[in-house]
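Peer 1: Generate coordinates for the sequence data below:
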Amino acid sequence: MSDDKNTVKSVVKAFTVLQAFGPDASELVLADVARAAGLDNGTAFRLLNTLVSLGYVEKVPDTRRFRLTFKCLDLGFNAIARSDLRSLARPLLRAMVSDRIEAASIGVLDGQEVVYIERIQAGLARLAVDVRIGYRIPAYSSALGRAILSRMPVDVQRALLEASSPRQLTAHTVTEIDRLLAQIAQARTDGYAVSDQETVTGLRVIAAPILDEDGVPIAALSAVAPSFGRTLEEFIADASEATCEAARRLSLAVRAAGGTAAQHTTT
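Peer 2: Below is the predicted model:
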């Protein structure tokens, strides 16, 4: 940080105190805070007590330790409260796209179809795949659809699949209701769903659900790659962790923002 004359150094020091706390240091004594923040004990003490009076730090009862309060979350929540699902998703989707994942998307359920509401695409031109916002695909054949369905009651899953009248879209499309239900059940167990060339020949997709604060699926997030050059197992190994982590982070952001995505389970 520069020594700009417009910088208030006491504010900078206060934030170094807040940043001293973390997942592995949730409760700290004064000396630990001072050491982590690069401050002397006297300065750290005054800053801690100021933050206590403002409600951002509290003393742990019957100890000499301090910890952050939930008021700190308000700063982050206020920053994202104006954001919708698409704007929250974009940086996560961009971060996923790489030389191993050529596209990443968000889809919501509308009747028996999944509607794409956001997509970042770097490749797939050689497969003549050009999915745009608003594009629709069947829920039964898509990883996005199966990921969303995996968090719904089984009777709702069956009703939607039966209403869809699954048909063969590629040589790989699964159309039997019981097999589809088994795939959806496996997706719930794994935390992600996979579609191996079932909607588009040559395309593999992995998706994880985005859940609201009650665990209801409001959308799903997917990663896409061509089927050639890697086995299905290699694709899953490459993409599953990133996909699930991005969906988890987006779920948290949506809950904080109080956001939802319009969806219908049947028509």
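Peer 1: okay, CA-based contacts and neighbour counts for the rest of this
Peer 2: OK.
Peer 1: Let me see the confidence value for the closest residue to N41 other than its chain neighbours.
Peer 2: Distances taken as CA to CA, 6 or more residues apart in numbering put A34 closest to N41, at 5.5 Å, once the chain neighbours are dropped. Predicted confidence (pLDDT) for A34: 94.
Peer 1: Then A256?
Peer 2: Per-residue confidence for A256 comes out at a pLDDT of 78.
Peer 1: distance of it from T63?
Peer 2: 31 Å (CA to CA, to the nearest Å).
Peer 1: For those two, indicate the residue with more neighbours.
Peer 2: The neighbour count for A256 versus T63, taken as other CA atoms under 10 Å, is higher for A256 (19 against 8).
Peer 1: ok but the more buried one is inside a strand, no?
Peer 2: No - going by DSSP: H, G, I helix; E, B strand; the rest coil, the assignment for A256 is helix, not a strand.
Peer 1: Pull out the buried residues from stretch 140-160.
Peer 2: Neighbour-count burial for stretch 140-160 flags 140-152, 157-158, 160 (criterion: 16 or more other CA atoms under 10 Å).
Peer 1: would you list every one of the strands in this protein?
Peer 2: Per DSSP state E, the chain carries strands over the ranges 27-29, 57-59, 65-68, 103-110, 113-121, 136-138, 193-196, 203-211, 217-226.
Peer 1: need these in a markdown table with mean neighbour count, distance to A237 and mean pLDDT, can you?
Peer 2: As requested, those are arranged in a markdown table below (neighbours: other CA atoms under 10 Å; distance: least, CA to CA, whole Å; pLDDT from 0 to 100):
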| stretch | mean neighbour count | distance to A237 | mean pLDDT |
| --- | --- | --- | --- |
| strand 27-29 | 18 | 36 | 92 |
| strand 57-59 | 19 | 41 | 93 |
| strand 65-68 | 20 | 37 | 92 |
| strand 103-110 | 26 | 16 | 91 |
| strand 113-121 | 23 | 20 | 89 |
| strand 136-138 | 20 | 25 | 92 |
| strand 193-196 | 26 | 12 | 96 |
| strand 203-211 | 28 | 11 | 95 |
| strand 217-226 | 28 | 12 | 93 |
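Peer 1: Please give me every residue in contact with T69.
Peer 2: By CA atoms under 8 Å, 6 or more residues apart in numbering, the residues touching T69 are G55, Y56, V57, E58.
Peer 1: and which of those is nearest K9?
Peer 2: Nearest to K9, judged by CA to CA, of the contacts of T69 is Y56 at 18.8 Å.
Peer 1: Surely the closest one and C72 touch.
Peer 2: Yes - if you go by CA atoms under 8 Å, Y56 and C72 touch, sitting 5.7 Å apart.
Peer 1: Neighbour count: the two, which is higher?
Peer 2: Between Y56 and C72, counted using other CA under 10 Å, the more crowded position is Y56 (19 against 13).
Peer 1: Now do that one against A256, distance only.
Peer 2: Using CA to CA, one obtains 18 Å as the distance from Y56 to A256.
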